[in-house]
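Trainee: structure, please.
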Amino acid sequence: MSVRGWLPRSRARRANPVCWALAAALILLGACSNGAGPDGRSGQTGPALSFDSVTVGQGFACGLVDDGSVACWGDNYAGQTDAPDGEFTEVVAGANHACALSTDGSAVCWGSDGARQASPPDEEFVTLSTSGWTTCGVTTDGAVTCWGSSYYDSGAPPTTGAVAVDAGIDHACALAEDATFACWGGGVSTDDPFIDPGRRFGAIALGESFTCALDESGEVGCWDHYQQRPLSVPEGAFDQLSIGHDLACVLDDDQTVSCWVPDSQQDIAETVTLGTGVVSISVSSPTVCGVRPSGDIVCWGDDPAAILEVPGGEFTDVSTAAARACAVAASGEIVCWGNQFPRLGGIPEGRFASVSVGLWHSCALRTEATIACWGLTWHANDAAAPRVDVGELWVPDGEFTAVAMGVHHACGIRPAGTVECWSFEDPDADPYVDAPEGSFQAISSTLNNSCGIRDDGSLECWDIYGLGDEYPEPILDVPAGQFSQVAAGFMGSCALQTSGAASCWGSFSGETTEVEDQTFSDISVASGFACGVQADKHLACWPIEDRGTDGLVGTDQLVLQVGGTKIGILSPPETMPGELLKVSAASTHLCVLTTEGTIDCWGAVTPAPNGVAYEPFPQSFTEQRMSSAFGF
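Mentor: Residues are numbered from 1 along each chain as shown. From the prediction side, this is the model:
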């Protein structure tokens, strides 16, 4: 069945994620496992839901249930999965907020509202659309109204005649009754040959750097709206179109979902089939979701709640980053869970003493004092090898006493106390990167920096690429004193003094703050906040810089802040698992190791309800996305 006339809003879905420093890395993560239950441990509970539609945001998704209610799941650091009660006809998801259209035509929004994107005007709408900080709606008289913050710095939305709207990061487009469309804002280009004045369209979808449209015959056209050049598209006629940050998907009349990465180097896209038996789709990197005729939802990509599926057993160490965690079992084996990119695998065998997890790679120290690292590998120049894979990585030979994982690099301490750091970025280049001379007793790594404690107890942080002198960063300006542990972070770092007191310094202000009247035995940092195991084996967390919280807070009221704006609360389980030995913090969750060897993880994550299932992306599609991202 080909498209005739304009499509309902559900036919053209678009998502534009907030572009933070690590967003480009996170969107490439592509494996998943089943969601956890409401208690944050394992399994889905409650009755199975039947859905009419699904919409995917950045790290979360919402579905319109067949009774008119809305159910959301995934990351909930901004309350974006706390859907309100009511009866609705449509739901749309943005970066970290969502909006639904009530049966009376009013818009109801929830989640992040720092730019007022979740504060709709008192108007009657027929359809809605969202982007990172913006929401738009078509009113009953055909006018387009937008609210929130955007980069729509030129032009104006239509005041009449609109039947659908798609909001982007820097521009928006509206589809008119006559099946033409008009765009306004920055980065708008209508020079592509596909946008013929005589062509009529059924849908238009805006990505962050490209736009796609579906004409009345079902033909797809995509173009780069910055460099104003056409992009690859599949041949054929399609019923639905949806695009995300770096990928586009179509649904044909056989209910087959096909996706590709739009590319300017070729005309005909190499699509990969994700699945069949789907009647509607929604895309937001790195997730594609579809509704089956039965009302079930199938999603390909990351399940944000997979981190909550903590394995049972006894453990001696735990480390977490992004949406994954690894632990050392009492037997010495490495056990990992969460979203492992691009699929589970590559974990080395043997007996280990400690583990350090990074964004794309992980390292562990064997009991015989050698290091093993594993994670993402790519082989741009090896035709006989998969271009993207997971496996063991090169590490320096010899013995070490400690290892710390950054984003693209790792550092280790030799038995003599010297530090060596190496990079995983280019397998054909010299792997060694900058490290200071001298003797160290402890080490920690983050994005492009590492920090260590010298034998005399003093702190030192350094830029692994040797740019610290030319481009000084506040993270390198460490406090004076005697220290026993250091935790380096992207948005701030902390260290424990030999007395157990905690000193922290921000990556932006460079100011050092002390946690007063508290002593700790372990410490960990994440995106702008830190958590420590107190002397009484309980947990406390605090902001590293002044982000709107007042000093030390208990885990029953851990407020996460970004740029001075409250973005959510990370609530612990009702009862802590016992006396704590170690804590490992990530941006949206925490994992703790108890003195009895058990592990518990919790966070601002809502498990998917029954009726929602996750599947991994095909390996061929992961390779296509990575090849595009890294220019293979």
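
Trainee: any stretches of this structure with poor pLDDT?
Mentor: 1-45, 151-154, 187-197, 340-345, 378-389, 466-472, 507-510, 545-575, 627-632 (pLDDT under 70).

Trainee: quick check: buried residues in stretch 92-109?
Mentor: For stretch 92-109, burial by neighbour count (16 or more other CB atoms under 10 Å) applies to 92-102, 106-109. All C-beta atoms are positioned from the backbone trio N, CA, C, and that covers glycine.

Trainee: phi, psi for the nearest residue to L376 once chain neighbours are set aside please.
Mentor: Distance criterion CB to CB, 6 or more residues apart in numbering; nearest residue to L376, sequence neighbours excluded, is W360 at 4.3 Å. With angles defined as degrees, to the nearest 10, W360 sits at phi -120, psi -20.

Trainee: ok, now L581?
Mentor: According to degrees, to the nearest 10, L581 has phi -110, psi -40.

Trainee: I figured it hits F520, correct?
Mentor: No: using CB atoms under 8 Å as the test, L581 is too far from F520 to be in contact (12.0 Å).

Trainee: now do the shared contacts for those two.
Mentor: V533 (CB atoms under 8 Å, 6 or more residues apart in numbering).

Trainee: ok, back up a step: tell me how many other residues crowd the residue nearest to L376.
Mentor: By other CB atoms under 10 Å, 20 other residues sit near W360.

Trainee: D52 now?
Mentor: 18.

Trainee: which element is it on?
Mentor: Here D52, judged by DSSP states H and E, is contained in strand 51-56.

Trainee: which element follows that strand toward the C-terminus?
Mentor: Taking DSSP H and E, what comes next after strand 51-56 is strand 60-65.

Trainee: parallel or antiparallel, list what pairs with that next one.
Mentor: Sheet pairing for strand 60-65, assigned by DSSP bridges, gives strand 51-56 (antiparallel), strand 70-75 (antiparallel).

Trainee: next one: that strand to chain centre, how far?
Mentor: From the chain centre to the centre of strand 60-65 is a distance of 18 Å (CA atoms, centre = their mean, to the nearest Å).

Trainee: and what of stretch 221-229?
Mentor: For stretch 221-229, the distance to the chain centre is 26 Å (CA atoms, centre = their mean).

Trainee: there's contact between Q497 and C504 in this structure, I believe.
Mentor: No: look at Q497 against C504 with CB under 8 Å: they stay out of range, at 11.4 Å.

Trainee: please say which of the two ends up with more neighbours.
Mentor: When Q497 is set against C504 and neighbours are counted by other CB under 10 Å, the residue ahead is C504, at 24 against 18.

Trainee: and the gap between the more buried one and A604?
Mentor: Distance, C504 to A604, using CB to CB, to the nearest Å: 22 Å.

Trainee: what does S284 give?
Mentor: In terms of CB to CB, S284 sits 18 Å off from A604.

Trainee: ok, which stretches of the stretch 351-500 of the chain are helices?
Mentor: Assigned by DSSP state H, counting those that start in this stretch, the stretch 351-500 of the chain shows no helices.

Trainee: the chain too?
Mentor: Shown for the chain, the helices assigned by DSSP state H span residues 23-26, 619-630.

Trainee: S499 touches Q518, doesn't it?
Mentor: No: with contact defined as CB under 8 Å, S499 does not reach Q518; the gap is 10.9 Å.

Trainee: the two: which has the busier surroundings?
Mentor: Set S499 next to Q518 and count neighbours by other CB under 10 Å: Q518 wins out with 16 against 11.

Trainee: identify the residues contacting that one.
Mentor: A501, A502, G532, Q534, A535, A540, L552.

Trainee: what separates it from W542, distance-wise?
Mentor: 9 Å.

Trainee: can you list the domains in the chain?
Mentor: With automatic domain parsing as the criterion, the domains of the chain are listed as 11-303+610-630, 305-606.

Trainee: now the contacts of Q518: which count as buried?
Mentor: For those, buried by 16+ other CB under 10 Å: A501, A502, G532, Q534, A540, L552.

Trainee: beta partners of the residue lying closest to E615 once chain neighbours are set aside?
Mentor: Sequence neighbours aside, W300 is the residue nearest to E615 in space, at 5.3 Å (criterion: CB to CB, 6+ apart). For W300, the beta-bridge partners are V288, E615 (DSSP bridges).

Trainee: wait, what's in contact with L274?
Mentor: So, once contact is read as CB under 8 Å, 6+ apart, L274 ends up touching C249, V257, S258, C259, V288, W300, F617, P618, F621.

Trainee: I'd say L128 and T135 touch.
Mentor: Yes: using CB under 8 Å, L128 is in contact with T135, at 6.6 Å.

Trainee: quick check: neighbours shared by the two?
Mentor: Shared contacts of L128 and T135 (CB under 8 Å, 6+ apart): V92, C99, A107.

Trainee: any chance of those residues in CSV with distance to C62 as columns?
Mentor: Output for the shared contacts of L128 and T135, formatted as CSV (distance: CB to CB, whole Å):
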residue, distance to C62
V92, 8
C99, 10
A107, 14
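
Trainee: more neighbours: which of S284 and A604?
Mentor: Per other CB under 10 Å, whichever of S284 and A604 has more neighbours is S284, with 29 against 24.

Trainee: quick check, that one in contact with Q58.
Mentor: Yes: under the criterion of CB under 8 Å, S284 makes contact with Q58 at 6.0 Å.

Trainee: can you tell me how far V250 is from C601?
Mentor: Distance, V250 to C601, using CB to CB: 37 Å.
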